[in-house]
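> Mind folding the following:
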Amino acid sequence: MTDEVRGGRGPSGPPWSVDLLADLHAGVLDREQSARLWPRVKADPAARAILDALESVRTDLGDLGAAPVAPMPAHLAARLDAALDAEARRAPGGGVAVAPLPPQPGLAPVVDLDAARRKRNRMAAWAGGLLTAAAAAVAISIAVVPTSTTGVPKAAMPPSGQTQVPGAQPPLAASSSDLGGAIGKVGTTKDYGDLGDQAGLDRCLAANDVDPAKAQTIGVRPVTLDGKPGTMAILLVPGELGKFRVLVVEPDCSALADTVIG
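Numbering: from 1, shown residues only. Predicted coordinates for the structure are as follows:
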């Protein structure tokens, strides 16, 4: 449970953290806390958008669990078999295969508890990652959508950026006076440009006092900032819902821009 409600203290907001909204959506808060929080959350458009995204992901996960499993492509199966054979040959006594004993009729199979726990943890981590990604995508659309005269965000379309291979798009023209406008254009694109790959981005994050192991990168794309070529990375600001760190670096990791938007 998030620290915002631990010990019976009422949550502060809006805005509320994604963790708190996820706890509320999952039903892990106690009845009294949920009763106090739901009316306030339903009255906040930004919070409702995140809850809608969480519900959509939960529905998709349910559909995915019921969907038939597609067979592994033959070329991938062949590569996997070759890798397993090579690993067996490298192991002590490699090359000697021991046939498993056939199951005895009437006996239930023995379940490896450690393996079951690992599988459960992998599924939980995977589902949590999807929820976080969905909430981040909604937060991006909220950050860049214009507001009406009443201050309520207009209907926002989700970001159209998809994962791209390097060089798939021309550099985005951006201005240091309007970095916020570039957030929606970068979206969730992962085009590392002159940085090459994730390792190149991690190197530049570290050079600009960002821990790559903790960085939550939403999108990356080559840009020309005020006419200078570079690579823009959009990062979530930990604990700050709706805020993003915009970092633009040159190939040598020198920062052309480093600011927080939102």
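> How about the contacts made by Leu225?
Applying CB atoms under 8 Å, 6 or more residues apart in numbering to Leu225 gives the contacts 174-176, 232, 248, 256-257. For the C-beta atoms, the positions are set from N, CA and C on the backbone; glycine is no exception.
> Spell out the residue ranges of the helices in the stretch 151-262 of the chain.
180-186, 198-207 (DSSP state H, counting those that start in this stretch).
> If I average pLDDT within each of those, which one is lowest?
Ranked by mean pLDDT, the helices of the stretch 151-262 of the chain end with helix 180-186 at the bottom, a mean of 85.
> buried residues in that helix?
Using 16 or more other CB atoms under 10 Å as the test for burial, helix 180-186 gives 182-186.
> Just read off the phi/psi values of Asp23.
The phi and psi values for Asp23, taken as degrees, to the nearest 10, are phi -60, psi -40.
> what's the pLDDT at it?
pLDDT, Asp23: 86.
> and it, how far is that from Arg58?
According to CB to CB, to the nearest Å, Asp23 and Arg58 sit 14 Å apart.
> One more: His25?
In terms of CB to CB, His25 sits 8 Å off from Arg58.
> Determine which member of these two has the greater number of neighbouring residues.
His25 (19 against 16; other CB atoms under 10 Å).
> what secondary structure does that one sit in?
Recorded secondary structure, His25: helix (DSSP: H, G, I helix; E, B strand; the rest coil).
> what's near enough to touch it?
His25 sits next to 51, 54-55, 58 when contact means CB under 8 Å, 6+ apart.
> What is the nearest of the residues you listed to Gly200?
Nearest to Gly200 among the contacts of His25, counting by CB to CB, is Leu54 at 32.7 Å.
> The closest one: which element?
Following DSSP states H and E, one finds Leu54 within helix 45-66.
> Which is the succeeding secondary structure element to that helix?
helix 74-90.
> could you give the mean pLDDT of that following helix?
The average pLDDT within helix 74-90 is 80.
> Check stretch 253-262 too.
Mean predicted confidence for stretch 253-262 is 91.
> returning to what we had before: quick one, which of the helices of the stretch 151-262 of the chain gets closest to Pro73.
For the helices of the stretch 151-262 of the chain, the distance to Pro73 is smallest for helix 198-207, at 24.6 Å, taking CB to CB.
> can you pull out the strands in the stretch 151-262 of the chain?
172-174, 217-225, 228-236, 244-249, 255-261 (DSSP state E, counting those that start in this stretch).
> quick one, which of these is packed in tightest?
Of all those, strand 244-249 has the most neighbours on average by mean count of other CB atoms under 10 Å, namely a mean of 24.
> angle of that one against strand 228-236?
Inter-element angle recorded for strand 244-249 and strand 228-236: 150 degrees (by axes from the mean of the first three to the mean of the last three CA atoms, to 10 degrees).
> Strand 244-249: partners in the sheet, and parallel or antiparallel?
When pairing is defined by DSSP bridges, strand 244-249 lines up against strand 228-236 (antiparallel), strand 255-261 (antiparallel).
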